[in-house]
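Asks: output the structure for:
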Amino acid sequence: MDITKVRNIGIAAHIDAGKTTTSERILYYTGSNYKVGEVHEGTATMDWMEQERERGITITSAATTCAWKGFTINLIDTPGHVDFTVEVERSMRVLDGAVAVFCAVGGVEPQSETVWRQADKYHVPRVAFVNKMDRIGADFASVVAAMRERLGANAIPLQLPIGAEDDFAGVVDLIDQKALYFSGVLGQKPSEGPIPAELAMAAKKGRDDIIESLSDFSDDLMTLYLEGTPISSELIRKTLREAVINLKAVPVLCGSAFKNKCVEPLLDAVVEYLPSPVDLPPVEGSEPKDPEKILQRHADPEEPFTALAFKIAVDPFLGKLFFLRVYSGKLEKGSTVYNPTSGQRERIGRIMRMHSNKREDIDSMEAGMIVAVPSLKATRTGDTLCEEGNPIVLESLEFPEPVISLAVEPATQQDKVKLAKGLNALADEDPTFKVHNDEESGQTVISGMGELHLEIIVDRLKREFGVDVKVGNPQVAYREAIRKPAHAEGKYIRQSGGRGQYGHVVFDIEPLEGGEFQFEDKIVGGAIPKEFISAVEKGLEEAVQSGVLGGYPVIGVKVTLVDGSYHEVDSSEMAFKIAASMGFKEAMKKADPVLMEPVMKVEVVTPEDYVGDVIGDLSSRRGRIDGMNVRANARVIDAFVPLAGMFGYATDLRSKTSGRANYSMQFDHYEQTPAEVSEKILKN
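Replies: As a prediction, this is how the structure comes out:
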């Protein structure tokens, strides 16, 4: 395998921008599919789950492999709905490049911004595709302007649309100064032609703009540009490729995936401008025994084997499937690898190349590949697999905390075991989905990123695991915080016949801006021996899991251990752990504790006629309007609304606007709950 001819790319965008449709066209034109799958018909290859086909949305990122002009493209189609943002996060972590799809009418939407920030976080080079140019209200120039303004992207259009809406016929290739037209039912026969007379001036200016934008990145190009010497298309492409790989530029193309127009030029841009694994800096990790020591692995089959398990999926026939991105080395099936996180060896019995939910067995995997392997015993999402003689731990994945919970119980006693099995399998697969047993109520509580997320989980329990469940009302993940500093001590003394228990701590607690929990040890003169300090910290870490108001986890608190005492014989780690927990509860009571609630950033897109109704409704949900602007022919309302007020919002919004408005929301921050609301919650 020639690693320079491999492209690991993801397709990412706001919900409904046409990601899956674009992926389906890519599979068709690269010959991986002989038939075009359609989202609206429920035949899309990449949306293989029943729930995806019914709802017409992507829920889980699907991976597939295809070939284009001698290049191998490993493609991941990611969800657009914010409830499944973890799928985008983990895909971005392992991709070398991305195609960001924008709707020509909607432009830069809220989830486009989230996806863009995720790509920035993992330094992923991008190509942008402005889709749906055939739709009423399509406006290529305004989408490019919005990319520059809202995303801070150096967006460089490589094409001009020929016509728009129903008259969209093709594009002008600005670098080669020619027109491309797409005819035939499936647009398989792009034909070249002269640039339409009315676009000749704009096309010439467009090429000059590309050169001007790129002259900052190449001295050769800058010199030729200043001398007025004609510049070859090869030099423009070479400079643009370097700028894209260094995250300095984003080429923008346009088309209509649904109408089969301009997908081939997009594939050309993917192989032309997005990097191969070799073009990127080596992946970094740390020495398992010495986390300060940084190690590097180059994308080279000759280097020691290193891979990251970035996703686990439950397969009805094979059990758990582990998706791996191989960063270096080569491994045959039947070999053994080492997991430095769990400290266990794993045998790789089978290696598979994935085509959505279909599989192709292969004999080996090597640097640059994305593959799946079944039945690993001690591996979790985010773990590294490597050679035992050359261990390395790659940076794991970070996942957001859940914001919404539901109580679930089996409908019958027989379903009890099946429910536990199903929940464990789904929690292994999705790190943003959490399960715990509420000791007070004895209920099983599931937590996730939003109503849709939990709805899909319950649906999957019924269909995939055959469990009938009863579902309680959604619960908000409240937190507790303190408003002022306090000083307290915790003493745990037990004398009983033989050896007793003695632990004594004194600490200060104070509010911490935007933090979770922080511990500082300021013990001097050995008032508490070193070996008990970690027990104090452990006791505090457990104590912050349940506050003094309603037993909710505590956020934004710093604890400074200032003093204490110990007993030569009776002191133990357990005694100090209990003393720390008692002292923390005491300190919380003195520090003016308050209830905090999750506040969501909400964006509603509505026709002008309903603006008043929408704003009134958001205000009745304790929402705070943050701004309003115009997008295409609709109004966009930005607001911050407590999650507690957003249950059932989708249905209410539909009925208030005759189904013409839509919204998206994502968690933004925690905020103090008003006193009267607080009282009601704590009473319940």
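Asks: check contacts around T444.
Replies: T444 sits next to 407-409, 419, 423, 435-438 when contact means CB atoms under 8 Å, 6 or more residues apart in numbering. Every C-beta, even on glycine, is put in place using the N, C-alpha and C of the backbone.
Asks: among these, which ones are in helices?
Replies: When DSSP state H defines the helices, the subset of the contacts of T444 inside them is 419, 423.
Asks: skip the chain neighbours and tell me the closest residue to L540.
Replies: Nearest non-adjacent residue to L540, counting by CB to CB, 6 or more residues apart in numbering: A580, 5.1 Å away.
Asks: of all the contacts of T444, which two lie farthest apart?
Replies: L419 and D438 (15.0 Å; CB to CB).
Asks: which of these two has more residues huddled nearby?
Replies: L419 (20 against 13; other CB atoms under 10 Å).
Asks: what's the residue nearest to K204 when sequence neighbours are not counted sitting at in phi/psi?
Replies: Leaving out its chain neighbours, the residue that sits closest to K204 by CB to CB, 6+ apart is Q177, at 7.6 Å. Dihedral pair for Q177: phi 50, psi 60, per degrees, to the nearest 10.
Asks: who does the biggest strand by length in the chain touch, helix- and strand-wise?
Replies: Determined from DSSP state E, the single longest strand within the chain is strand 593-606. Packed against strand 593-606 by the contact rule (3 or more CB pairs under 8 Å, 6 or more residues apart in numbering; DSSP states H and E) you find strand 479-482, helix 611-620, strand 634-642, strand 662-672, helix 675-683.
Asks: need the winner for burial among these.
Replies: strand 479-482 (a mean of 23; mean count of other CB atoms under 10 Å).
Asks: pLDDT of the next helix or strand after that strand, averaged?
Replies: Later in the chain than strand 479-482, the nearest helix or strand by DSSP states H and E is strand 486-494. Mean per-residue pLDDT for strand 486-494: 89.
Asks: in strand 486-494, what's buried?
Replies: 486, 488-492 (16 or more other CB atoms under 10 Å).
Asks: next one: stretch 265-278
Replies: Buried, per 16+ other CB under 10 Å, within stretch 265-278: 265-267, 269-278.
Asks: hang on, the earlier thing: ok, so of the buried residues of strand 486-494, who is nearest I195?
Replies: When the buried residues of strand 486-494 are compared against I195 (criterion: CB to CB), the nearest one is A486, at 73.5 Å.
Asks: so the closest one sits against F584, correct?
Replies: No: judged on CB atoms under 8 Å, A486 makes no contact with F584 at a distance of 10.3 Å.
Asks: report the contact partners of the nearest residue to K5 once chain neighbours are set aside.
Replies: Spatial nearest neighbour of K5, excluding adjacent residues (CB to CB, 6+ apart): F71 at 4.7 Å. Contact analysis of F71 by CB under 8 Å, 6+ apart lists 5-7, 271.
Asks: buried members of these into ChimeraX, please.
Replies: The ChimeraX selection below is limited to those of the contacts of F71 classed as buried (16+ other CB under 10 Å):
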select :5,6,7,271
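Asks: what's the most distant pair in the contacts of F71?
Replies: Most distant of the contacts of F71, by CB to CB, are V6 and V271, 10.0 Å apart.
Asks: is V337 in contact with T384, as I believe?
Replies: No: the pair formed by V337 and T384 falls short of the contact definition of CB under 8 Å, at 9.5 Å.
Asks: who touches both of the two?
Replies: Joint contacts of V337 and T384 (CB under 8 Å, 6+ apart) are A307.
Asks: low pLDDT regions in the stretch 101-250 of the chain?
Replies: Along the stretch 101-250 of the chain, segments meeting pLDDT under 70 span 184-189.
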